[in-house]
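Predicted model and sequence follow; I will ask about them next.
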Amino acid sequence: MTDQPNDLFAGGWPRSMGRPARRALAAHGVDRLEQLTEMSEADLLALHGVGPKAVALLRQTLAERGLAFRLDYEPARGTMSDAFKSLVSLAARETRLDARLVAATVKPGLTQESPEYRSIFADYKAIHGEYVDLAVGGNEEALKRALFLQWYRVTEPWYLCGLAELDTSAEHRLLLLVDKLCAANHLDEELRWMLPYYYLIADYYFQHEGQYSSLVAYCHAYLPRGCIQKPIGFVGDGRGHMGDYWKSIFKSSST
């Protein structure tokens, strides 16, 4: 029998992890560290007894072994869910729209009212609406992408982002959902650093007649200081405009 390192229990668990978390995992049949690659952080936090500190410790332990949690937008092994198929399809549509946007920017004489741009705006509005519908249904990845598009629309010129008009009721539904997550302290790990960054750059967008007070309070409490470093395990590919944006941010901050 191979000796375990002093800082690990059998199964690869870190010794500093609390007993409630170990019991919660064992109760759900998780007895080896490698099994966590089949679970997302949201899956873990849904277990009674597993809190943010335990998740952070497990994330670090996995990273030291070249492993990571399953990302919320990836399917567990087996059949792809309809929601995941929708996310893949929506990201592909965003990619095609970006190509159309690039082509439009090099055409002389086009204005915001030109048919080429009006078509792009309408298609992005539809994509955003589908993301919001998925988010309201509980899909965290769709929530992140929809929130990014809303923020990007107010921070970038229309001819660069392709976003000139979104459904205001869909925007409101999404922000109310984020506000509720902030109030309940149920933000996932990515939203915990994404949201304050968005607020730092465009606080005016979120300060709408006091409707999103929990969101604003959370952002005030966690405003970033300095450059955001790329988190371990972050993946930007296949996540639409949002993924491309964050890849560029992390690339520029590392140079």
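That came through, no problem.

State the helix or strand in which the residue nearest in space to the middle of the chain lies.
Nearest to the mean C-alpha position of the chain, by CA atoms, centre = their mean, lies K144 at 4.2 Å. For K144, the host element (DSSP states H and E) is helix 140-155.

Next secondary structure after that helix?
helix 158-161.

and that following helix, what other elements does it pack with?
helix 82-105, helix 115-136 (3 or more CB pairs under 8 Å, 6 or more residues apart in numbering; DSSP states H and E). No exception for glycine: its C-beta is placed from N, CA and C like everyone else's.

ok now the helix or strand just after it, how far from the chain's centre?
Once helix 158-161 ends, the next helix or strand along the chain (criterion: DSSP H and E) is helix 168-183. Here helix 168-183 is found 15 Å from its chain centre; the criterion is CA atoms, centre = their mean, to the nearest Å.

Helix 168-183 - what's its average pLDDT?
Averaging pLDDT along helix 168-183 gives 95.

Show me which parts of that helix are buried, residue by residue.
170-171, 173-175, 177-179, 181-182 (16 or more other CB atoms under 10 Å).

Would you reformat the residues you listed as CSV and include distance to A92?
Output for the buried residues of helix 168-183, formatted as CSV (distance: CB to CB, whole Å):
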residue, distance to A92
A170, 21
E171, 23
R173, 24
L174, 22
L175, 26
L177, 25
V178, 25
D179, 30
L181, 27
C182, 31
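
Return the closest of those residues with respect to R23.
The closest of the buried residues of helix 168-183 to R23 turns out to be L181 (CB to CB; 26.8 Å).

Can you pull out the low-pLDDT segments for the stretch 51-200 of the chain?
71-81 (pLDDT under 70).

80 instead?
66-84 (pLDDT under 80).

Provide a list of residues in contact with the residue nearest to the centre of the chain.
190-191, 194, 242 (CB atoms under 8 Å, 6 or more residues apart in numbering).

ditto for H220
Y199.

among the helices and strands packed on helix 158-161, which is the most enclosed?
helix 115-136 (a mean of 19; mean count of other CB atoms under 10 Å).

which residues sit against that one?
83, 86-87, 90, 93-94, 97, 100-101, 103-104, 107, 110-111, 142-143, 145-146, 149-150, 158-159, 162-167, 170-171, 173-174, 177.

Next, find the distance separating the closest residue to A142 other than its chain neighbours from K144.
Among residues not flanking A142 along the chain, L134 sits closest, at 3.5 Å (CB to CB, 6 or more residues apart in numbering). Computed as CB to CB, to the nearest Å, the L134 to K144 distance reads 11 Å.
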